[in-house]
Structures are given as C-alpha cells and as structure tokens.
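S.K.: test case, fold it:
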Amino acid sequence: MARRGIAVVFTLLGAAVVLSIVAMFLIYLLVGREPPVPSNALLTLRVGGDLAEVAPGDIVGFLRGVRTPSLRSVVDTLRKARVDPRIGAILLKPTGFDSPYWAKIQEIRDAVLDLKNAGKPVYAFLEAASAREYYLAATADKVFLMPTATLDLTGVATYELFLRGTLDKVGAFPDMHHIGEYKTAINTFTEKGYTKEHKEMDEALSRGVFDQLVRGIADGRGKSEAEVRNLIDDGPFLPENALRTGLVDDLAYEDQVVDKLRVLKGGAVTSGTRQIDGDDYGRVSPGSVGLNRGPRIAVIYIVGTIASGKSGFDPVNGAVAGSETITEYIRQVRHDGAVRAIVIRIDSPGGSANASDAVWRELTIAKTERADRPLVVSMSDLAASGGYLAAVAAPTIVAQPATYTGSIGIFGGKIVTGGVYQKLGARIESTSIGKNAEMDSPAHNFSPSELKKLKEELQSFYDQFVERVAKARKMTPEKIDTLARGRVWTGQQALENGLVDAVGGIDRAVALAKERAKIPAESDVELMLFPPRKTFYELVADQFTGGGESAIAEAWLSARLTRDEREILRLMRGPLVMFRRGEPLALLPFSFVR
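M.R.: Sure thing, here's the model as predicted:
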C-alpha cells in the first residue's frame, strides 16, 4: 500500500509538471504572436522602473514580453516606431525611475529626440514627476500633467552613509586601505563623515548632473538655462504653477489627453482601435519593420559587479558579471568570422581587480588579432574602476554625459570583528605557521609586516592601472595620475579630460563601429547579443532545475524591501563578502541615494 501511495504521488507530480509546461507553452503561443498595428496609430509607451540592461532571465518575464522592460527593449521600441509608417504619434508616460543614476534616462531621451527628428510627434503625460521623469518628458512636443499632480522639480541631491560610528559601537574595526585620496569606497566604513576630497568629488558629480538637467529642460522647453535654474529653485510646483511657468502645456487626466490629441491631429489620432500599447508593440519584431538586418555586430554586455567565476545574481548586490562568463563570450565572438565589429556595453561599478584584469586581457586579444574588426565600448550608468579598466582595452569609448566613470584606484583590507566577539563573551584563538599566515584574520588588525605587504600589492596594481590607461589614452602616466587617484567623473567630464572619446548611447557606439568597420552608414546591422536571450524551452528548464533562483530571490527582496532599504542592507553587508578574502578591489565608491 505504501509503495502504491508513493507511486500515485509521483504520478500526480509528474502530471502537474507536464501540465505546467503545456500551459506555459500555450501562453507562449498566445503572447508570442506579433500584434496587429493599426494605421496612423498612437503608441502609448510607459517608461520607468529599474531599466535593467538585459531582458529578464525568468519564464515570467519572458511570457510577459516587455512588461518588465529592459533599457534595450524601450530603445528598440522607439527605434521601430521611428521607421514604422503605421505609428503616427507617441504618447510617452514616464512612471517613476528606480535607478539613482541618469545615463539610462539620457539613452531613452536620445532615442526620443531621434524619433522627433524623423518627423514623428511626441507627447508626454505625467501622473506625477520628479526631476528624472520631467527631464525625459521635456523632450516632448507637448507635456500634459494630471490636474492634481505635483511637479517635484527641485534639483539633484546626493546622500552618503557612514558606518564608522556603528562599527565602533559594536567593537568592529575597518582595517581598510586605498591608493588615491578620491578612492572613497572605504570611507563608508572608515569615516564618520565626508573627507575634503570626498565632498569635493560629490559636489563636482552632482553639479555636473545638475547642469545637464538644466540644459535638457532648457532645450526641451525653449527657455534659457538661467530661467530653468531659477525655476528649479522655486520647485516643487503645484499643477497650476507648473502650467503658469511654462513647464507643462496643459493639465488633463489621461483619458482627456487622447481627446486633446485627436483635436491636435485633426482627427488623425483617435482612441480605441487606433491606439496601441507599448507592451503589445514591443512584440513587433525589428525585422518586420526593416531593422536588425545586414552585417553582424556583436554586443557583449558586462552588467553588475565584476567578480571571478560565472555570471550570476547576488540577492543584495544584484547582477554579478563573472569574468569566466564574459571571457567565454569574447572568445565566441573572436572565433566568429561573420562578426564585423564588437561593441562592449558596460554597466558596472567594477569589483575584483583580478577579474577586471582578466576581462581587459581578453578584450585586448580581441582588439589586436584582427585590425579590420573594430572594438568600441558603450558606457551605461556606470563604467568605473574595474569597469573602466575593462573599457580601456578599446580604442574608442562612448559614454553618456551622466555616466559615472573613471575611479582609477584600488582598495583592500578587512573589517576586524574580534572586538564584537569579545563583547559577546567569546574569544577567537588561532594556530598558524608562517609569518603572515594570519594576514586575513578577522580577529586582529594588520601587523606592520602584513600592512606593508598589502600596501605593496595595492600600489603595484594602481601603478599598472595608471600605465595601462596612459598607454590606451595616449597620455603620460603623470597626466593620468592627476585624473586618477580614485576620482569619479561624469561622462561629460571624462570627455573633457580625454578619458572617453564621444558622448552618446549604444546606438552611437554601433554607428562608430560601423564607420570603423567600413559598413555604409545607411546600412542597418544585425546585433548579436551576449548573453543571448534564452529560448522558451531553456527558461522552462531553468525553472525546474533551480536556474530561476536569482529571479525568485530578487522578487522576494523586492516584495519586502524598498530600494532604499535594500541599498542600506547592501552597505551594512559590506563590499568584501562577494570576493575572495584579501582580494584587492577596483570598485566604485558606495553612494546611498541620488
């Protein structure tokens, strides 16, 4: 009887698995078809959230199409709408951005402006808006604000969390060291407030982003920069004041906006069947409107903290760019004779110095083995420290004006927790053989000889980092050292200092790659993406073999913690837990909120 009962249970479980797969397949067939697009349609495009670089790697995200959008999916939607004669106008709906950075918003803004330049009218509707949402909406021909909404346009602020006082209270000591007075990643743990250099750098970064915000609004709204600065100082705005000052063009609810657009367009834009939702239009393939055809260009994404091993996901720190996975992608591309150019897309704060060096090496090989296959880097929100080290392997680097890059520096050390145990009545004792065998011990501070070894290692890596940048950027090491010392720059500042070559997004990088590969500018290209998007069957297999654990962990955290709470948890957890003990780190400073 027991055996029969077990057999019944397993039979039912097997049937449930099969039915689940069949159900998901049927859903896939339903949502996988391209939707009908009416002529002269109004495309309603919601933009917001995290804007991850790559599409979700889980079955739910796959089945939902672009309902959990990646940055690329949003830009591709706008690119398709630009050339699709069935799309008559676009209604842009910025719905709130979770990222504390600005470069991805600039990437979307560039795509919107490109669409406008092609003669397609763009309108924006704001249910509520902070500076980021308004910065994007200001590109539109007309901006509508909900009659009860506040326009929260107040400027740019940076917050830093300092944990030294907390560590002192619990008996922990941050025995951490850096090369470069602007390499402030360890300040979170070693200081109780800003150092002079830390404050100077944060002010320069915030000022750089603020100036870009002002310039973007001025250009979009036809105002002078002085006017916009004065307006921002008067923010936030009640809806009537936003209308009076010319920051918006009309106050209306969303259902009223389409009626107003119908009048504006003389009846050409109508409600009902002549509208198409951005999620549905996202399922229109680029090939069906003549895009993504032609010579092949490989696009390799380096997203997340760079670490040794395979790429993956850390529930607190987010995406992990594993050097082993990235170098394997580069090798695949190197051996593909059909690839005419390589674009490296970086959205990374850096990480392990050794892992970043491994990626740099593989990219250097790819660059030198074929002179006719150009290598171009495109920087997203972040391409700093180890991310910048990887980038300098390319002769051409493109960054958004608000990209955070540079941070040429290194740090290392440990947080000594022996005092914590003592306060709890515990004691750590050790047995070791070798003068520096306990160098990474959490029980005591570095001895003089151990500290000497650590500083020699950090200085050696820093000197090598500076020399590589100097050679790549055709400057002297002395000049690079003045730009380095751990200092973070905006993309615009990096351009002015010669650390990058052009401003723009991935489409700008692709255009430069085409030019250097002697592909005609008017020719479209096929973008071969790495990591490749998983097939439906691979995603189903992941769900039943544990491969979907990262998505589950992310969903669990998102449901229970706000973004700010997760950021605090990340800082409290510390930067060292993702890496091998004692490993030197080329990692961006930790900022709490921007």
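S.K.: how long is stretch 309-325 end to end?
M.R.: 7 Å (Cα to Cα, to the nearest Å).
S.K.: ok, now which ones touch the residue lying closest to residue 148 once chain neighbours are set aside?
M.R.: With Cβ to Cβ, 6 or more residues apart in numbering as the criterion, residue 148 has its nearest non-adjacent residue at 6.8 Å, and that residue is residue 239. Using the backbone N, CA and C atoms, a C-beta is placed for each residue, glycine as well. For residue 239, the contact set (Cβ atoms under 8 Å, 6 or more residues apart in numbering) comprises 145-151, 248, 251.
S.K.: doesn't residue 455 make contact with residue 584?
M.R.: No: between residue 584 and residue 455 there is no contact under Cβ atoms under 8 Å: 10.7 Å.
S.K.: quick check on the two: which one has the bigger neighbour count.
M.R.: A direct count of neighbours by other Cβ atoms under 10 Å for residue 584 and residue 455 places residue 584 higher, at 22 against 15.
S.K.: could you check how far the more buried one is from residue 186?
M.R.: Noted for residue 584: a distance of 12 Å to residue 186, by Cβ to Cβ, to the nearest Å.
S.K.: over to residue 495?
M.R.: The value you get for residue 495 to residue 186, if Cβ to Cβ is used, is 28 Å.
S.K.: in the stretch 51-200 of the chain, which spans are strands?
M.R.: In the stretch 51-200 of the chain, the segments counted as strands under DSSP state E, counting those that start in this stretch are 87-97, 122-126, 129-130, 142-145, 151-152, 173-179.
S.K.: ranking those by burial, who's on top?
M.R.: Comparing the strands of the stretch 51-200 of the chain by mean neighbour count (mean count of other Cβ atoms under 10 Å), strand 122-126 ranks first with a mean of 25.
S.K.: other residues contacting that strand?
M.R.: With Cβ under 8 Å, 6+ apart, strand 122-126 has contacts from 89-94, 112, 115-116, 133-134, 136-146, 149, 151, 248, 252, 254, 257, 261.
S.K.: flag the shaky bits of this protein, pLDDT-wise.
M.R.: Confidence mapping of the chain against pLDDT under 70 gives the ranges 1-32, 55-68, 263-273, 315-316, 534-578, 582, 590-594.
S.K.: in a helix, that's where residue 229 is, yeah?
M.R.: Yes: counting by DSSP: H, G, I helix; E, B strand; the rest coil, residue 229 is found in a helix.
S.K.: surely it meets residue 213?
M.R.: No: between residue 229 and residue 213 there is no contact under Cβ under 8 Å: 9.9 Å.
S.K.: which of the two has more residues huddled nearby?
M.R.: Using other Cβ under 10 Å, the more surrounded residue of residue 229 and residue 213 is residue 213, with 23 against 17.
S.K.: ok, the more buried one to residue 235 distance?
M.R.: For residue 213 relative to residue 235 (Cβ to Cβ), the value is 12 Å.
S.K.: which element is residue 340 on?
M.R.: Assigned by DSSP states H and E, residue 340 belongs to strand 339-348.
S.K.: please apply the same query to residue 297.
M.R.: strand 296-303.
S.K.: next structured bit after that strand?
M.R.: strand 305-307.
S.K.: on contacts alone, who are the packing partners of that following strand?
M.R.: Contact analysis of strand 305-307 by 3 or more Cβ pairs under 8 Å, 6 or more residues apart in numbering; DSSP states H and E lists strand 318-322, strand 350-352, helix 353-369, helix 386-391 as its packing neighbours.
S.K.: residues in contact with that strand?
M.R.: 314, 317-323, 348-352, 355-356, 359, 386-387, 390, 578-579, 587.
S.K.: that strand: what's the following helix or strand?
M.R.: Following strand 305-307 in sequence, per DSSP H and E, is strand 312-314.
S.K.: pull out the buried residues from that following strand.
M.R.: Across strand 312-314, burial judged by 16 or more other Cβ atoms under 10 Å covers 313-314.
S.K.: how far off centre is it?
M.R.: 15 Å (Cα atoms, centre = their mean, to the nearest Å).
S.K.: who's the nearest residue to residue 81 once chain neighbours are set aside bridged to?
M.R.: Closest residue to residue 81 apart from its sequence neighbours, by Cβ to Cβ, 6+ apart: residue 87 at 4.4 Å. Counting by DSSP bridges, residue 87 is bridged to residue 41.
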